[in-house]
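Novice: Sharing a sequence plus its predicted fold:
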Amino acid sequence: MMNYDLIVYNIGQLILPKSSPKPLNGEEMKQLTIKENAAIAVQDKKIAWIGSTEESYKLDARERIDAKRRVVSPGLVDPHTHLVFGGSREKELAMKQAGIPYLDILANGGGILSTVEATKQASEDELFEKAAFHLDRMISYGVTTIEAKSGYGLDPATEMKQLRVVKRLKEKYPITIVSTFLGPHAIPPTYKGKEERFLHEMIDLLDDIKENKLADFADIFCETGVFTIEQSRHFLERAKEKGFGLKIHADEIDSLGGTELAVALGATSADHLVAASDTGISDLANSHTVAVLLPGTTFYLGKDSFARARKMIDEGVAVALATDFNPGSCVTENIQLIMSLAALKLKMTAEEIWNAVTVNAAFAIGKQDEAGILEIGRLANFVIWEVPNYLYLPYHFGVNHANSVYHSGSKIWG
Ligand code: NIG
Ligand code: FE
């Protein structure tokens, strides 16, 4: 008889997002299997068995954990973060309170550009320590897989420095990290009027990044005063030719058509989408591009209108949720807070929200074979939650509900 490495039993509710060959579309997102009184067994880092608590008593294991009727879910996936940066921007909060718009702060050399300066100044080791601090906090909230972007260098040396930090985090941390090159995140002041030249430099860097395996995805900030649709298309097409998966910061503030562009190019995800057009939404519904919604950013920018998640889901779009953790537009590592905002501001149901931070978030970063669901043969990434049922987590907001967090069957927090 098998002697398992670990059995977790007496699970009040085991959250089982559906295994699927493609992201769950709106209709599928409404469903979520909840197994009551469940148990799971881990062998060689993987889920080896799922059954009832009753049945688990007949199995042998080196270690047994009584979940005490708590809820267990797959490890959460945060598919959009700007994890590596220098400095902080607390001084800009007063400008926001005075009503100065986000894009105006950027146009005046603040915002992203102020973080770029601080990131250039910081050594690789300093950036690593700082990112590790934030990453530890993300993990404490139940996250076992993340995406991390560059984009605070805007010059080859600093962009590479950020990407090397992500690589070191990957090597050091017992979690799954996906790396994204976001070189075209803003236009450096010295390139005003020479945007095409800047884009070319960023395109040139793609080969180096590929050669050194420093990023899986390429991303661009397509927005008024930043990069146009044509520039975004050009950059993403080159990135696609060079074998990168595509992501795009699309239609966050103005409706430029970044959503439509993402679908046309077969992007893995289109992110933000607060101002996505009706056509953009119906294009998404007919594609495998995941809509990554970031309600924390809309909230933190002090806006009243959020991404039209209900329309997206009802039309069949596959939706995921992420923190967008960054020092300017969404300063939180707390994915659970994002789940509450999704309930309150995006009007998503608890079932949709759990699917959006697990299976669909994994699809949004190409990690669907590794993360997001619990099934036999998968890495045993899971969270034990200090909540009475799965509805409770989005409901009780602003605190950490994680009891303990596991990656590959080992406890990494709690
Ligand atoms: O996703 N929108 C552009 N980029 C980030 C913000 C970066 C920053 O303000 O530092 C975002 O919101
Ligand atoms: Fe972002």
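Specialist: Great, that's in hand. Remember, it's a predicted structure, so these values are computed and weren't measured experimentally. Ligands and ions are numbered 1, 2, ... in the order given.
Novice: Contact residues of the stretch 251-400 of the chain facing ligand 1?
Specialist: For the stretch 251-400 of the chain, the contact set with ligand 1 under Cβ under 6 Å from any ligand atom comprises 252, 297, 324, 326-329. Bear in mind the C-beta positions are built from the backbone N, C-alpha and C, glycine included.
Novice: Just the buried subset of the residues you listed, written out for PyMOL, thanks.
Specialist: PyMOL command restricting those to the buried ones, with burial defined by 16 or more other Cβ atoms under 10 Å:
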select buried, resi 252+297+324+326+327+328+329
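Novice: from the residues of the stretch 251-400 of the chain next to ligand 1, which ones fall inside strands?
Specialist: When these are checked against strands (DSSP state E), there are no matches.
Novice: Include pLDDT and distance to Ser404 when you put the residues of the stretch 251-400 of the chain next to ligand 1 into a markdown table, please.
Specialist: Shown next, in a markdown table, are those (pLDDT from 0 to 100; distance: Cβ to Cβ, whole Å):
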| residue | pLDDT | distance to Ser404 |
| --- | --- | --- |
| Glu252 | 97 | 35 |
| Thr297 | 98 | 29 |
| Asp324 | 98 | 26 |
| Asn326 | 98 | 28 |
| Pro327 | 98 | 29 |
| Gly328 | 96 | 32 |
| Ser329 | 96 | 31 |
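Novice: Run through the residues that contact Arg308.
Specialist: Contact analysis of Arg308 by Cβ atoms under 8 Å, 6 or more residues apart in numbering lists 276, 281.
Novice: Also Asp219?
Specialist: Asp219 sits next to 149, 151, 180-182, 185, 246-249, 271 when contact means Cβ under 8 Å, 6+ apart.
Novice: please redo it, this time with the cut-off set to 10 Å
Specialist: 80, 147, 149-151, 180-185, 232, 235-236, 239, 244-250, 267, 269, 271 (Cβ atoms under 10 Å, 6 or more residues apart in numbering).
Novice: Read off the pLDDT value for it.
Specialist: Asp219 is assigned a pLDDT of 98 by the prediction.
Novice: Could you measure from it over to Val71?
Specialist: Separation of Asp219 from Val71 (Cβ to Cβ, to the nearest Å): 33 Å.
Novice: likewise Phe363?
Specialist: Applying Cβ to Cβ, the value for Phe363 to Val71 is 23 Å.
Novice: Ser287 reaches Ala318, doesn't it?
Specialist: Yes. Under the criterion of Cβ atoms under 10 Å, Ser287 lies in contact with Ala318, with a separation of 8.7 Å.
Novice: of the two, who's got more company?
Specialist: Ala318 (29 against 19; other Cβ atoms under 10 Å).
Novice: What sits closest to that one if chain neighbours are left out?
Specialist: Pro23 (3.5 Å; Cβ to Cβ, 6 or more residues apart in numbering).
Novice: contact partners of stretch 209-216?
Specialist: 147-150, 156, 159-160, 162-164, 166-167, 177-183, 202, 205-206, 208, 218, 239, 242-245, 247, 268, 365-367.
Novice: and these, which are buried?
Specialist: Listed as buried from the contacts of stretch 209-216 are 147-150, 159-160, 162-164, 166-167, 177-183, 202, 205-206, 218, 239, 244-245, 247, 268, 365-367; burial here means 16+ other Cβ under 10 Å.
Novice: in stretch 313-324, what's buried?
Specialist: Buried, per 16+ other Cβ under 10 Å, within stretch 313-324: 313, 315-324.
Novice: So which residue is dead centre in the chain?
Specialist: Centroid-nearest residue in the chain: Pro79, 1.7 Å away (criterion: Cα atoms, centre = their mean).
Novice: Would you confirm that that residue contacts Val319?
Specialist: No. Assessed by Cβ under 10 Å, Pro79 is found out of contact with Val319, at 11.3 Å.
Novice: so who does Ala122 touch?
Specialist: 84-87, 128-130, 152, 158, 161-162, 165.
Novice: Could you rerun that using 7 Å?
Specialist: Gly86 (Cβ atoms under 7 Å, 6 or more residues apart in numbering).
Novice: Quick check: phi and psi at it.
Specialist: Phi and psi for Ala122, reported as degrees, to the nearest 10, are phi -80, psi 140.
Novice: And the pLDDT at it?
Specialist: As predicted, Ala122 sits at a pLDDT of 98.
Novice: going forward can the numbers begin at 45, since that is how I track them
Specialist: Okay, residue one is now 45; in that scheme the one you just asked about reads as Ala166.
Novice: Out of the contacts of Asp263, list just those in helices.
Specialist: Those of the contacts of Asp263 mapping onto helices are 276, 279-280, 283, per DSSP state H.
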